[in-house]
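Visitor: could you work out the structure for the sequence below:
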Amino acid sequence: MTLIDIDVFVLVTVVLDVSYPSSKKYSAKFLLCGPLLKFLWKNETFPIKSKTETVNFNNNLLKSMEGGKPNLALVYQAVQALYHDPDPAGKERASVWLGELQRSMYAWEISDQLLQLKQDVESCYFAAQTMKMKIQTSFFELPPETHNALRDSLLTHIQNLKDLSPIIVTQLALAIADLALQMASWKGCVHTLIEKYNNDISSMPFLIEILTVLPEEVHSRSLRIGANRRTEIIEDLAYYSSTVVTLLTTCVEKTGNDEKMFIKVFRCLGSWFNLGVLDSNFMASNQLLMVLFQVLQRDETSTNLHEAASDCVCSALYAIENVDTNMALALQLFQGVLTLETAYHMAVAREDLDKVLNYCRIFTELCETFLETTVRSPGQGMGDLRTLELLLICAGHPQYEVVEISFNFWYRLGEHLYKINDAALHNIFRPYIQRLLHCLARHCQLDPDHEGIPEDTDDFGEFRMRVSDLVKDVIFLVGSMECFSQMYSTFTNELFVLMLIRDLSLSFRENNPTLSEVLQQVVLLPESVHMAVRYTSIELVGEMSEVVDRNPRFLDPVLNYLMKGLREKPLASAAAKAIHNICSVCRDHMAQHFQGLLDIARSLDSFALSTEAAVGLLKGTALVLARLPLEKIAECLSDLCAVQVMALKKLLAEESPNGKSADPTVWLDRLAVIFRHTNPIVENGQTHPCQKVIQEIWPVLSETLNTHQADNRIVERCCRCLRFAVRCVGKGSASLLQPLVTQMVSVYQVYPHSCFLYLGSILVDEYGMEEGCRQGLLDMLQALCMPTFQLLEQQNGLRNHPDTVDDLFRLATRFVQRSPVTLLSSSIIVHIIQCAIAATSLDHRDANCSVMKFVRDLIHTGVANDHEEDFEVRKQLIGQAMEQHGQQLITQLMHSCCFCLPPYTLPDVAEVLWEVMVFDRPTFCRWLENALKGLPKETSGGAVTVTHKQLTDFHKQVTSAEECKQVCWAIREFTRLFR
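Guide: As a prediction, the model looks like this:
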């Protein structure tokens, strides 16, 4: 790797279970002297794997460490291996070793020494990045008396290394900024830094870099400084913001036309705009604003400087989104942006796409900022409609990437006008939308020499999909019916016209005559038209399935048209999807065509279909099958499944050369979709027509499951197929219950695939209320829980197996819902509750949701359905469980939502707290008080995390809540204090 490569290199640290030998003493002196060095000397608790540990970085490097901290030369060699070792395995070993070093206590001293040695860019970058990471994630390791020494050391390093590499300066600037945000004793850090360095022009670049990243880090997710400290910092930065802007202005004046300095200044100014702390009146009259627009107006401005200035203007426009409270600055920005039209045209003339995109970003941000003003007073003051003209000028650019930038604004404009629903206002904006549609039509046309069908997944395909979404959102301004009629009256084979008709057809649910006429025209399109037009026309026919349902006379010509497409490879998948749509909507009319669908299903693999399209065709066939007379369903279902069953039998009979059977997932997925969507209406007392077929297929599924029991992917498909088979016939699958459960438990003991837990939850859902099945299902649960707990009790077991957690608590929840007393009376419930409490801190959306739902439903069982005869038993059992686990549960929940869980999980936590409070409010109040007492009141940097008043206010808000959403609001606000 060259030195140039390092500028874009990001060190990846791999987290593995690797340990360093413990340290007996430090031999090297370094800049973090005094209290910090003494503290590091005292900490000798780093774990040791063996008395002597050898780390091999590559074939030529074999060093060992005896007991103490790693030798500095060895660290340097590891860094060199990371960057320069030609062997990927050597790089990986170095990465793992250095990653472990970064997490150790030694990293503080070693990174400081490497920075002091200033040996080369690689070692200094590693050290600077390590220092930043340690401050972000491990600041708690340092006692308060060492913080000043750390700050002074970092400032010395950044000054000494300012000319080595910009990325090193950035890493050290981030380290200093993160330290300032966490170090409560460093008062007025902005003032301190400016006072220290503003008279030294050589220090100005790194000073501005620190002032740039400081406001950016205030809301960094890497730092958990809490709302109180964050508010304190923002107030402090707002107080010194004018000082920073004055420094930037002076810097521009002193450095003349230094482009690099201009870029730094604009980046810094944009950072402070983004934080929202700049005084708008002060900025409105500031010279920097004038300099910004001068740079953007000059034709000779370089690309990098132009981008920095554009970013800054966009940040300023975003910062004054509340125009009424920032009137002076808003007016200056409004007038300044309107002066850039000429510069835009010059950039177009010079074919400078980068600048064109920058101008379009600025124009779009201007329109977004003044959107409400434009709608409220169009054509007046800062509601001047020239802003829309600027966007339409950009829409006329030949590159579609330009107009795409403005899409979000047009979405928002359409949304505002739709809500207001004022005809006079709509008339004002209608011409602009019509012009936009004409521009989009031009952008969506294919090149005349384009062959085949454009890919939906490439950039142009995604652009056309976004155009389609935009048209749906703004077409009401033009008038859907008027536009549709106009499109039809000028019906051509143009791709965009067909796309527009397709999108507009979705807007009409009434039986409009024009829709029928369009359908007639489309199915008569000659095969000589462009393939892309035929493709879109097939999509259109599929979207018009409701028209076919209302006009069954079209069914035969439509099916004939789609069958032609099905036989052509480029159109086959689109035609299959259209047939699926027709089957879904026109089930009753399609019953007479079931034999034709069955013939297609039998020869499915003779068509060039995607997997999704093939499955969709079978789904449509199954939906129609469910509408046949009950006496015909069994035979037809057997015929439909026969192809898949025969394929599975053939795979089982074949002997593969490598001892592995061929992959059966295609056939399992097809069976699953058939079972899932064959849902005939069966009256009480009637035998389910699918029951016999599923019983006949069971041995094949069972053998497939046994054959592939070690393969998680195939076992998942088997379980999915069985799940839909059970759901299909409901209690008609009773004869399969015992052999299925026996096989599940047997395989799970050896291969604990989580899908067995999920399948178990389906069985409990179907049979859990049957008295004769409860004990057997409980035995199944206990048998499945034993290997599950062994798996989850491993190191990081919960984090490494979230699917198992998810499916385990789905199963447990089904038991709570269907047979709560059976579960609560068993010995396994204690272990399940303990596992649930441990899993409440798991940061995984699905797994955490399942855990919270289990706990919530479990507690709710103690208060729900109080009219049922088992209510008192349930209430007593829940009371015993809460008495044993309640305090632990509440303490763990409060710790998890403050320190472990993302905000989107908090409503689930609130529901659990609410259920506990509903069950026993006085006891809950005591538990919550104890849990709050255990929370830390200060950060490691000495900042106040939560005050006594905030704790008591939160306790009162929760315990006096009259509905669950009040608990949720209180938790949201409270947890911000710890984030």
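
Visitor: buried stuff in stretch 130-139?
Guide: Neighbour counts over stretch 130-139 (16 or more other CB atoms under 10 Å) mark 130-136, 138-139 as buried. Where C-beta positions appear, they are placed from N, C-alpha and C, glycine not excepted.

Visitor: and the residue nearest to Phe407 when sequence neighbours are not counted, what is it in contact with?
Guide: Computed as CB to CB, 6 or more residues apart in numbering, the closest residue to Phe407 that is not its neighbour in sequence is Leu470, at 5.5 Å. Residues in contact with Leu470 (CB atoms under 8 Å, 6 or more residues apart in numbering) are 407, 410-411, 440.

Visitor: any idea how far Leu470 is from Phe126?
Guide: 47 Å (CB to CB, to the nearest Å).

Visitor: elements contacting the helix or strand where Ser584 lies?
Guide: Ser584 is part of helix 572-585, with elements assigned from DSSP states H and E. Under the contact definition 3 or more CB pairs under 8 Å, 6 or more residues apart in numbering; DSSP states H and E, helix 572-585 sits against helix 531-543, helix 545-550, helix 555-566, helix 611-625.

Visitor: just the mean pLDDT for that helix, thanks.
Guide: What helix 572-585 shows for mean pLDDT is 95.

Visitor: quick one on the thing from earlier: export the buried residues of stretch 130-139 to a markdown table and tack on pLDDT?
Guide: Listed next are these as a markdown table, based on pLDDT from 0 to 100:
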| residue | pLDDT |
| --- | --- |
| Thr130 | 96 |
| Met131 | 96 |
| Lys132 | 96 |
| Met133 | 95 |
| Lys134 | 95 |
| Ile135 | 95 |
| Gln136 | 94 |
| Ser138 | 93 |
| Phe139 | 93 |
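
Visitor: you'd agree Phe334 is up against Thr374?
Guide: No: counting by CB atoms under 8 Å, Phe334 stays clear of Thr374, with 11.0 Å between them.

Visitor: residues near Ala572, how many?
Guide: 19 (other CB atoms under 10 Å).

Visitor: meant to ask about Thr156
Guide: 14.

Visitor: and the gap between it and Leu172?
Guide: In terms of CB to CB, Thr156 sits 10 Å off from Leu172.

Visitor: ok, Ser940 next?
Guide: Taking CB to CB, one finds Ser940 at 21 Å from Leu172.

Visitor: what's the answer for Pro752, then?
Guide: 48 Å.

Visitor: over to Glu868?
Guide: 67 Å.

Visitor: these two: who's more crowded?
Guide: A direct count of neighbours by other CB under 10 Å for Glu868 and Leu172 places Leu172 higher, at 28 against 10.

Visitor: list the contacts of that one.
Guide: Contacts of Leu172 by CB under 8 Å, 6+ apart are 115, 128, 131-132, 154, 157-158, 161, 206.

Visitor: closest one of these to Thr891?
Guide: Here the nearest of those to Thr891, counting by CB to CB, is Lys132; it sits at 33.5 Å.

Visitor: which residue packs closest to the closest one, ignoring adjacent ones?
Guide: Counting by CB to CB, 6+ apart, the residue nearest Lys132 is Ala175, at 4.1 Å.

Visitor: over to Ile697?
Guide: Val645 (5.8 Å).

Visitor: from Asp908, how far out is the residue minimising distance to the centre of the chain?
Guide: By CA atoms, centre = their mean, the chain has its centre lying nearest to Arg845, at 10.5 Å. Distance of Arg845 to Asp908, given as CB to CB: 10 Å.

Visitor: kindly report the same for Arg713.
Guide: Distance from Arg713 to Asp908, by CB to CB: 30 Å.

Visitor: over to Asp236?
Guide: Counting by CB to CB, the gap from Asp236 to Asp908 is 36 Å.

Visitor: same deal with Val624?
Guide: With CB to CB as the criterion, Val624 and Asp908 are 40 Å apart.

Visitor: these two - which one has more neighbours?
Guide: Taking other CB under 10 Å, Val624 and Asp908 do not tie; Val624 has more neighbours (26 against 20).

Visitor: ok, and the closest non-adjacent residue to that one?
Guide: Met590 (4.6 Å).

Visitor: ok, the one you found - how many residues close by?
Guide: Around Met590 there are 26 residues (other CB under 10 Å).

Visitor: got it, and Asn796?
Guide: Asn796, neighbours per other CB under 10 Å, totals 10.

Visitor: any idea how far Pro629 lies from Pro680?
Guide: 9 Å.

Visitor: now, of the contacts of Leu470, which are buried?
Guide: 407, 410, 440.

Visitor: where does the second one land in three-state SS?
Guide: When you say that, I think you mean Trp410. helix (DSSP: H, G, I helix; E, B strand; the rest coil).

Visitor: OK, contacts around it?
Guide: So Trp410 contacts 433, 436, 470, 473-474 (CB under 8 Å, 6+ apart).

Visitor: which residues in the stretch 851-979 of the chain form helices?
Guide: Taking DSSP state H, counting those that start in this stretch, the helices of the stretch 851-979 of the chain run over residues 871-899, 906-919, 921-933, 948-959, 964-975.

Visitor: give me whichever of these is most buried.
Guide: helix 906-919 (a mean of 21; mean count of other CB atoms under 10 Å).

Visitor: any idea of the mean pLDDT for that helix?
Guide: pLDDT averaged over helix 906-919 gives 97.

Visitor: what sits up against it?
Guide: Outside of helix 906-919, the residues within contact range by CB under 8 Å, 6+ apart are 840, 848-849, 852-853, 855-856, 859-860, 862-863, 878-879, 882, 886, 889-890, 893, 896-897, 901, 924, 927-928, 958-959, 961, 964-965, 967-968, 971-972, 975.

Visitor: pull stretch 628-639 out as PDB, backbone CA atoms only.
Guide: Presented in PDB, the C-alpha positions along stretch 628-639 are these (Å, rounded to 0.1, in the frame of the first residue of the first chain):
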ATOM      1  CA  LEU A 628     -63.300 -25.100  -7.000                       C
ATOM      2  CA  PRO A 629     -66.100 -27.300  -5.600                       C
ATOM      3  CA  LEU A 630     -64.900 -29.200  -2.500                       C
ATOM      4  CA  GLU A 631     -65.200 -32.600  -4.100                       C
ATOM      5  CA  LYS A 632     -62.700 -31.600  -6.800                       C
ATOM      6  CA  ILE A 633     -60.200 -29.900  -4.600                       C
ATOM      7  CA  ALA A 634     -58.400 -33.100  -3.300                       C
ATOM      8  CA  GLU A 635     -57.800 -34.500  -6.800                       C
ATOM      9  CA  CYS A 636     -56.700 -31.200  -8.200                       C
ATOM     10  CA  LEU A 637     -54.400 -30.400  -5.300                       C
ATOM     11  CA  SER A 638     -52.800 -33.900  -5.700                       C
ATOM     12  CA  ASP A 639     -52.200 -33.200  -9.400                       C
END
